[in-house]
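Visitor: Provide a 3D model corresponding to the input given below.
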Amino acid sequence: MKRIKNPWLGIEGYNCFGCCPDNPNGMHMTFSEEGEDIVSYWLPSQNHISWVNTLHGGVQAALLDEICGWVIFRKCNSAGVTGKLELKYHKAIHLEPLTLKAHIVSNRGRVVIVEGTIYNQAGEVCTVATATYFVASQQQTKEMGFLEAETE
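Guide: Sure, this is the predicted structure:
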(Lines give C-alpha, C1' and ligand atoms only; values in the text may rest on other atoms or scores of the structure.)
Protein backbone atom coordinates (compact mmCIF):
# COMPACT_ATOMS: atom_id res chain seq x y z
CA MET A 1 0.00 0.00 0.00
CA LYS A 2 1.35 3.41 -1.02
CA ARG A 3 0.34 6.62 0.75
CA ILE A 4 -0.94 9.33 -1.61
CA LYS A 5 0.55 12.79 -1.21
CA ASN A 6 -2.05 15.53 -0.82
CA PRO A 7 -1.82 17.54 -4.08
CA TRP A 8 -3.60 20.54 -2.57
CA LEU A 9 -1.15 21.27 0.27
CA GLY A 10 0.30 24.76 -0.02
CA ILE A 11 -2.41 26.07 -2.34
CA GLU A 12 -3.87 29.35 -1.10
CA GLY A 13 -7.45 28.96 0.09
CA TYR A 14 -7.26 25.17 0.49
CA ASN A 15 -9.35 24.25 3.55
CA CYS A 16 -11.23 21.10 2.51
CA PHE A 17 -13.53 19.71 5.19
CA GLY A 18 -12.57 16.18 4.20
CA CYS A 19 -8.82 16.19 3.71
CA CYS A 20 -7.19 19.44 4.83
CA PRO A 21 -4.95 18.64 7.81
CA ASP A 22 -5.21 22.26 9.01
CA ASN A 23 -9.02 22.62 9.00
CA PRO A 24 -9.88 22.72 12.74
CA ASN A 25 -13.38 21.35 12.07
CA GLY A 26 -12.40 18.94 9.30
CA MET A 27 -12.12 15.17 9.13
CA HIS A 28 -8.35 15.17 8.31
CA MET A 29 -8.64 12.16 6.03
CA THR A 30 -5.53 10.65 4.45
CA PHE A 31 -5.43 8.18 1.57
CA SER A 32 -3.43 5.27 0.24
CA GLU A 33 -3.51 3.27 -2.96
CA GLU A 34 -3.89 -0.50 -2.86
CA GLY A 35 -4.19 -1.92 -6.37
CA GLU A 36 -7.35 -0.48 -7.93
CA ASP A 37 -8.64 0.78 -4.57
CA ILE A 38 -8.09 4.04 -2.76
CA VAL A 39 -8.16 3.35 0.99
CA SER A 40 -8.60 5.55 4.06
CA TYR A 41 -8.66 4.71 7.75
CA TRP A 42 -10.71 7.02 9.92
CA LEU A 43 -11.82 7.20 13.55
CA PRO A 44 -15.08 9.05 14.30
CA SER A 45 -15.53 11.01 17.52
CA GLN A 46 -18.43 12.25 19.61
CA ASN A 47 -18.54 15.28 17.28
CA HIS A 48 -19.72 13.01 14.43
CA ILE A 49 -22.72 11.27 15.99
CA SER A 50 -26.44 11.53 15.35
CA TRP A 51 -27.67 9.16 18.03
CA VAL A 52 -25.75 7.77 20.98
CA ASN A 53 -22.57 6.07 19.68
CA THR A 54 -23.91 6.14 16.09
CA LEU A 55 -22.16 7.89 13.21
CA HIS A 56 -24.35 10.54 11.52
CA GLY A 57 -25.52 9.59 8.02
CA GLY A 58 -24.44 12.97 6.66
CA VAL A 59 -20.91 12.41 7.96
CA GLN A 60 -20.93 9.04 6.22
CA ALA A 61 -21.94 10.78 2.99
CA ALA A 62 -19.09 13.30 3.39
CA LEU A 63 -16.57 10.50 4.03
CA LEU A 64 -17.68 8.58 0.96
CA ASP A 65 -17.82 11.65 -1.27
CA GLU A 66 -14.29 12.54 -0.20
CA ILE A 67 -12.73 9.13 -0.83
CA CYS A 68 -14.53 8.84 -4.17
CA GLY A 69 -13.10 12.23 -5.14
CA TRP A 70 -9.62 11.00 -4.30
CA VAL A 71 -10.16 8.14 -6.73
CA ILE A 72 -10.54 10.81 -9.43
CA PHE A 73 -7.36 12.60 -8.28
CA ARG A 74 -5.23 9.48 -8.27
CA LYS A 75 -6.71 7.19 -10.92
CA CYS A 76 -7.71 9.86 -13.46
CA ASN A 77 -4.91 12.27 -12.56
CA SER A 78 -7.43 15.08 -12.59
CA ALA A 79 -9.80 17.07 -10.43
CA GLY A 80 -13.55 16.63 -10.62
CA VAL A 81 -16.88 17.50 -9.06
CA THR A 82 -19.62 15.30 -7.72
CA GLY A 83 -22.64 15.12 -10.02
CA LYS A 84 -24.59 12.57 -8.01
CA LEU A 85 -24.06 10.61 -4.81
CA GLU A 86 -26.31 7.69 -3.92
CA LEU A 87 -25.93 5.92 -0.59
CA LYS A 88 -27.23 2.65 0.79
CA TYR A 89 -27.01 2.35 4.55
CA HIS A 90 -26.69 -1.33 5.45
CA LYS A 91 -25.61 -1.27 9.08
CA ALA A 92 -25.31 1.33 11.85
CA ILE A 93 -21.77 2.56 12.37
CA HIS A 94 -20.49 3.03 15.89
CA LEU A 95 -17.56 5.08 17.16
CA GLU A 96 -14.85 2.62 16.18
CA PRO A 97 -12.00 2.56 13.66
CA LEU A 98 -13.37 2.49 10.11
CA THR A 99 -11.92 1.45 6.77
CA LEU A 100 -13.09 3.14 3.59
CA LYS A 101 -12.35 1.82 0.11
CA ALA A 102 -13.29 3.18 -3.31
CA HIS A 103 -12.63 2.28 -6.94
CA ILE A 104 -13.75 3.14 -10.46
CA VAL A 105 -16.73 1.18 -11.75
CA SER A 106 -17.06 2.95 -15.11
CA ASN A 107 -14.88 5.49 -16.90
CA ARG A 108 -16.41 7.29 -19.89
CA GLY A 109 -13.79 10.02 -20.08
CA ARG A 110 -15.32 13.10 -18.50
CA VAL A 111 -17.94 11.06 -16.56
CA VAL A 112 -16.61 8.52 -14.06
CA ILE A 113 -18.66 6.28 -11.77
CA VAL A 114 -16.98 5.40 -8.47
CA GLU A 115 -18.13 2.99 -5.78
CA GLY A 116 -17.10 3.60 -2.18
CA THR A 117 -17.69 1.48 0.90
CA ILE A 118 -17.38 2.00 4.64
CA TYR A 119 -16.41 -1.08 6.67
CA ASN A 120 -16.61 -1.34 10.44
CA GLN A 121 -13.86 -2.75 12.64
CA ALA A 122 -15.20 -6.30 12.08
CA GLY A 123 -14.88 -5.82 8.31
CA GLU A 124 -18.65 -5.69 7.75
CA VAL A 125 -20.09 -3.52 4.97
CA CYS A 126 -21.92 -0.63 6.61
CA THR A 127 -22.54 1.93 3.87
CA VAL A 128 -22.05 1.83 0.10
CA ALA A 129 -22.00 4.85 -2.19
CA THR A 130 -22.22 5.13 -5.95
CA ALA A 131 -20.83 8.47 -7.05
CA THR A 132 -20.96 10.09 -10.46
CA TYR A 133 -18.09 12.51 -11.03
CA PHE A 134 -17.61 15.03 -13.77
CA VAL A 135 -13.88 15.07 -14.46
CA ALA A 136 -12.34 18.45 -15.15
CA SER A 137 -10.47 19.13 -18.36
CA GLN A 138 -6.70 19.31 -18.12
CA GLN A 139 -6.93 23.10 -18.49
CA GLN A 140 -9.46 23.39 -15.64
CA THR A 141 -7.36 21.05 -13.52
CA LYS A 142 -4.26 23.22 -14.01
CA GLU A 143 -6.25 26.38 -13.20
CA MET A 144 -7.26 24.75 -9.89
CA GLY A 145 -3.59 24.25 -9.07
CA PHE A 146 -3.72 20.46 -9.29
CA LEU A 147 -0.51 18.90 -10.54
CA GLU A 148 -0.90 15.21 -9.71
CA ALA A 149 -1.64 12.91 -6.78
CA GLU A 150 1.69 11.16 -6.37
CA THR A 151 2.43 8.35 -3.97
CA GLU A 152 5.22 8.34 -1.40
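Visitor: Buried residues of the least confident helix or strand in the chain by mean pLDDT, list them for me.
Guide: Ranking every helix and strand in the chain by mean pLDDT, DSSP states H and E puts helix 138-143 at the bottom, with a mean of 86. Residues of helix 138-143 classed as buried: residue 141 (neighbour count, 16 or more other C-beta atoms under 10 Å). C-beta: built from backbone N, CA, C; applies to glycine.
Visitor: so where's this structure uncertain?
Guide: Within the chain, no range satisfies pLDDT under 70.
Visitor: Can you read off the backbone torsions of the most centrally placed residue in it?
Guide: With distances taken as C-alpha atoms, centre = their mean, residue 67 lies nearest the centre of the chain, 1.3 Å away. Main-chain torsions, residue 67, degrees, to the nearest 10: phi -70, psi -40.
Visitor: on that earlier part again, for the least confident helix or strand of the chain, enumerate the helices and strands it packs against.
Guide: Applying 3 or more C-beta pairs under 8 Å, 6 or more residues apart in numbering; DSSP states H and E, we find helix 138-143 packed against no helix or strand.
Visitor: can you give me the helices for the chain?
Guide: If DSSP state H is used as the criterion, the helices of the chain fall at 57-75, 138-143.
Visitor: rewinding a little: what's in contact with the least confident helix or strand of the chain?
Guide: Contact partners of helix 138-143, identified using C-beta atoms under 8 Å, 6 or more residues apart in numbering, comprise 78-79.
Visitor: Quick check, the residue nearest to the centre of the chain in contact with residue 100.
Guide: Yes - the pair residue 67 / residue 100 is scored as a contact, 4.8 Å apart, by C-beta atoms under 8 Å.
Visitor: Overlap in contacts, those two.
Guide: 40, 116.
Visitor: Spit out the contact partners of residue 94.
Guide: Each residue near residue 94 by C-beta under 8 Å, 6+ apart is listed here: 53-55, 120.
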